[in-house]
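> one predicted model, sequence on top.
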Amino acid sequence: MAREAQFGTWEAAVAWLRDQPERRELILDAFYDDPLIAAAQRYRASGEWQAVSQLLQGRSGTALDVGAGRGIASYALAREGFAVTALEPDPSAMVGAAAIRQLAVDSRLPIEVVEEFSERLPFADAAFDLVFARAVLHHTSDLEGACREMHRVLKPGGIFIAAREHVISREADLGQFLDQHPLHHLYGGEHAFLLERYIGALTGAGFAPVDVLKPLKSPINLFPYTLDSLHDIVVQKLSRKLPVAPLWRAALRSDRIFDVMLSVAERFDHRPGRLYSFVAHKAPV
C-alpha cells in the first residue's frame, strides 16, 4: 500500500528535500536547485533536451508548455526561438508560476505564464504550433479529456510532445510503483497508466500518427542516464554473471549489437513506472 503524503504542498516537500544532504543528487536530477536560471541552463544542455530539440527541427512559432513546474522546459523552448506560454496551476515562487515569471525576467525571454490545470486549457482553438508536456499526462485526473484539449489548441500540422510518462504493464503494478517512487510519499499525486491507455487517449483525441519512444531507446526517457552510462551498467551486470568485463566491453562496442540487445531487453522490461514519451501529430488541413 502507498505511504501517506507528508507535506501539504509541493513547495514544502521540495524545501524539505533541499535540506537533506543525502538527497542532493535527486535535487539536481529534478532541477530543483537554485539559482533557477542555472538549473534551466543545465536542463537545456542535457541529453534529454538535446533529443527533444532534434524533434523540433524545422518548427517555430508559438509553444505551450503544459504543467511547466519551475519553467525549465519553457526556458529551453524560448531559447529554441518559440514564443512560450507556460501553463502552471501552482503559484509557488519555488516550484510554480511565480518562479517561472522570475525566470522570464532574469533570462529576458518571451515566456508568458498562465495559472491553470491541463484539463482546462484557457486558449482558443488552434492557438499553438507546439504543445509540450514533461511528466504531465500521468498526473491528470482525466487523461482522455486532457489529450482532447492538447489537440484542440494545436494548429493543423502541429505536434504534441508528451515526455517522460510513467507506464505500468498491469493495473495491479500501480501500488508497487507508488511505493518505490522517491517523491510520491512526500506529496502524493503520482500515477501511471497502461501503455495502451496513453495511445488510446491520444488517438481518440484525433492525433495521427502517434510515435512511441520506448524506455531504453530514447535519451528523453533515459535521463539522468545516457546510452553510454547504460552501456556501462549492462557490462557491469553481465560481468557479475560471467566475470570477463573486457570481453563484454569488446562484444558490446558495436552500436548495432548493443541496439539489438536493448531491443531484446525491452521485450522483457516490465518495470512498474518505466518511462515512455510520445510525439503526437495533428493532421494538416
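That came through fine.

> quick one: contacts for the nearest residue to residue 110 once chain neighbours are set aside?
Excluding its sequence neighbours, the residue lying closest to residue 110 (Cβ to Cβ, 6 or more residues apart in numbering) is residue 83, at 5.0 Å. C-beta: built from backbone N, CA, C; applies to glycine. Residue 83 makes contact with 61, 62, 63, 110, according to Cβ atoms under 8 Å, 6 or more residues apart in numbering.

> name the nearest of the residues you listed relative to residue 30.
Among the contacts of residue 83, residue 63 lies closest to residue 30 (Cβ to Cβ), at 22.1 Å.

> what about that closest one, how many residues nearby?
Using other Cβ atoms under 10 Å, residue 63 has 26 neighbouring residues.

> hang on, isn't it packed against residue 84?
Yes. Between residue 63 and residue 84 a contact is recorded at 5.0 Å, counting by Cβ atoms under 8 Å.

> intersection of neighbour lists for those two?
residue 77.

> got a quick PyMOL command for the buried subset of the contacts of residue 83?
Per 16 or more other Cβ atoms under 10 Å, the buried members of these correspond to this PyMOL selection:
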select buried, resi 62+63
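
> and which of the contacts of residue 83 is nearest residue 218?
Scanning these for proximity to residue 218, where the rule is Cβ to Cβ, the winner is residue 63, at 20.1 Å.

> name the nearest residue to that closest one, ignoring sequence neighbours.
Using Cβ to Cβ, 6+ apart, the nearest residue to residue 63 is residue 82, at 3.8 Å.

> tell me how far the one you found lies from residue 76.
Separation of residue 82 from residue 76 (Cβ to Cβ, to the nearest Å) stands at 9 Å.

> what bridges to the residue nearest to residue 110?
residue 62 (DSSP bridges).

> what's the answer for the one 4 residues further on, then?
In this structure, residue 87 has beta-bridge partners residue 66, residue 114, where bridges are defined by DSSP bridges.

> about what we covered before: now tabulate the contacts of residue 83 in a markdown table and tack on distance to residue 43.
Listed next are the contacts of residue 83 as a markdown table, based on distance: Cβ to Cβ, whole Å:
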| residue | distance to residue 43 |
| --- | --- |
| 61 | 22 |
| 62 | 21 |
| 63 | 15 |
| 110 | 18 |
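
> and the contacts of residue 83, which is closest to residue 256?
Distance to residue 256, by Cβ to Cβ, is smallest for residue 63 among those, at 35.7 Å.

> who touches that closest one in this structure?
Per Cβ under 8 Å, 6+ apart, neighbours of residue 63: 77, 82, 83, 84, 85, 128, 129, 130, 131, 132.

> okay, now the unreliable bits of the protein?
Within the chain, the segments meeting pLDDT under 70 span 1-5, 238, 240-245, 247-253.

> now the strands for it?
Ranges of strands in the chain, per DSSP state E, are 62-66, 83-87, 111-114, 128-134, 154-168, 193-194, 210-213, 274-281.

> okay, those strands in CSV with distance to residue 34 next?
Output for those, formatted as CSV (distance: least, Cβ to Cβ, whole Å):
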stretch, distance to residue 34
strand 62-66, 20
strand 83-87, 18
strand 111-114, 18
strand 128-134, 19
strand 154-168, 22
strand 193-194, 33
strand 210-213, 31
strand 274-281, 26
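
> go through the contacts of residue 63 and name the one nearest residue 231.
Using Cβ to Cβ, the contacts of residue 63 come closest to residue 231 at residue 132, 28.7 Å.
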